[in-house]
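> Give the three-dimensional model of this entry:
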Amino acid sequence: MVAIAAFAALAALAGCGGDKSGGPLGAPETVVGKAPDMTLAQGTARVYITAPTANASGVVDLHGHNAHLVLSASGLAQPADLIVNAGVAKVRTPPGTSYTPLPGAVPPVLQGGDPWADIDLVRGTVHILSNGGGEVEGVSTIGYTLTVDPQQAIETTPPERQDALKATLQGRTTMFQMEVWIDSQFRLRRIEVPYDFSFKTVTPPTRVDGATIATDVDFVTFGVAVPATS
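Predicted coordinates:
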């Protein structure tokens with residue numbers, strides 16, 4: 001995990017975007033409403049995923065549902081290669097091991113960290129609370145707390161991505177809150193999704209320090225080359 005933390009620090013120092021504009025302008029409904037399609041329109045992105053017991057970093061193809069990531073997790077002696085091809089993942093711990101297929105786009109230790117499904121969750125927004133400005137990986141953003149209707153999210157997501165979205169929701173049918181941070185070009189820069197959707201209230205559970213028990217997906221840089229995923 002030290003290596004991935006170093007990656008995040010270097011990305012910030014490199015000014016991956018370096019946008020100091022102060023974030024998006026416009027009504028929250030407009031900003032959040034545009035964000036999923038504006039983000040997907042970037043084509044590719046370097047991402048950093050942080051779950052309670054695992055991290056991953058690498059590049060995702062937002063159009064082709066492909067990715068090549070490096071995964072570090074509790075219980076892994078060394079980082080593993082995580083490949084996503086057309087929405088289906090496989091993982092191996094190099095060197096000299098074969099890939100093990102996974103049931104979805106991310107392994108269970110990265111639950112809530114499917115970048116494509118997390119973007120589509122935003123389509124279910126029914127209420128928005130603006131949290132003010134802040135930086136994500138050196139980029140100016142505005143943060144929003146969203147109340148999401150799972151059924152609306154599913155119905156407004158393209159059919160070919162609905163199964164992945166349902167898997168991320170873990171059977172959730174009632175409204176819940178999640179957090180997003182959006183830049184001046186209406187692109188999602190961070191999505192924070194509850195790790196476990198079994199909570200009964202609208203608000204997800206928190207740790208003893210008050211932080212939400214969640215998985216974060218940071219979109220660090222857009223428009224980068226995607227390594228081979230076959």
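> Can you show me the helices along the protein?
2-13, 28-40, 115-121, 150-155, 159-169 (DSSP state H).
> ok, and which of these has the densest surroundings?
helix 115-121 (a mean of 24; mean count of other CB atoms under 10 Å). Just so you know, the C-beta spots here come from the backbone N, C-alpha and C atoms, and that holds for glycine as well.
> Could you list the alpha-carbon positions for that helix in PDB?
What follows is helix 115-121, C-alpha atoms only, in PDB (Å, rounded to 0.1, in the frame of the first residue of the first chain):
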ATOM      1  CA  PRO A 115     -15.700   3.200 -11.500                       C
ATOM      2  CA  TRP A 116     -18.400   2.700 -14.300                       C
ATOM      3  CA  ALA A 117     -21.100   1.700 -11.900                       C
ATOM      4  CA  ASP A 118     -20.300   4.500  -9.500                       C
ATOM      5  CA  ILE A 119     -20.600   7.100 -12.300                       C
ATOM      6  CA  ASP A 120     -24.000   5.600 -13.100                       C
ATOM      7  CA  LEU A 121     -25.200   5.800  -9.500                       C
END
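> in the chain, which strand has the most residues?
When the chain is parsed with DSSP state E, its longest strand is strand 125-136.
> That one: partners in the sheet, and parallel or antiparallel?
If you go by DSSP bridges, strand 125-136 pairs up with strand 139-148 (antiparallel).
> Next, the buried residues of stretch 168-187.
Buried residues in stretch 168-187, counted by 16 or more other CB atoms under 10 Å: 168-169, 172, 175-187.
> now that stretch, how far from the centre of its chain.
9 Å (CA atoms, centre = their mean, to the nearest Å).
> Pull up the distance across that stretch, start to finish.
21 Å (CA to CA, to the nearest Å).
> Against residue 81, how distant is the residue in the chain sticking out farthest from the centre?
Distance from the centre of the chain peaks at residue 96, with 29.8 Å (CA atoms, centre = their mean). Going from residue 96 to residue 81 by CB to CB, to the nearest Å gives 12 Å.
> out of the helices of the chain, nearest to residue 191?
helix 115-121 (4.4 Å; CB to CB).
> Who are the packing partners of the closest one?
helix 28-40, strand 44-51, helix 159-169, strand 188-194, strand 214-222 (3 or more CB pairs under 8 Å, 6 or more residues apart in numbering; DSSP states H and E).
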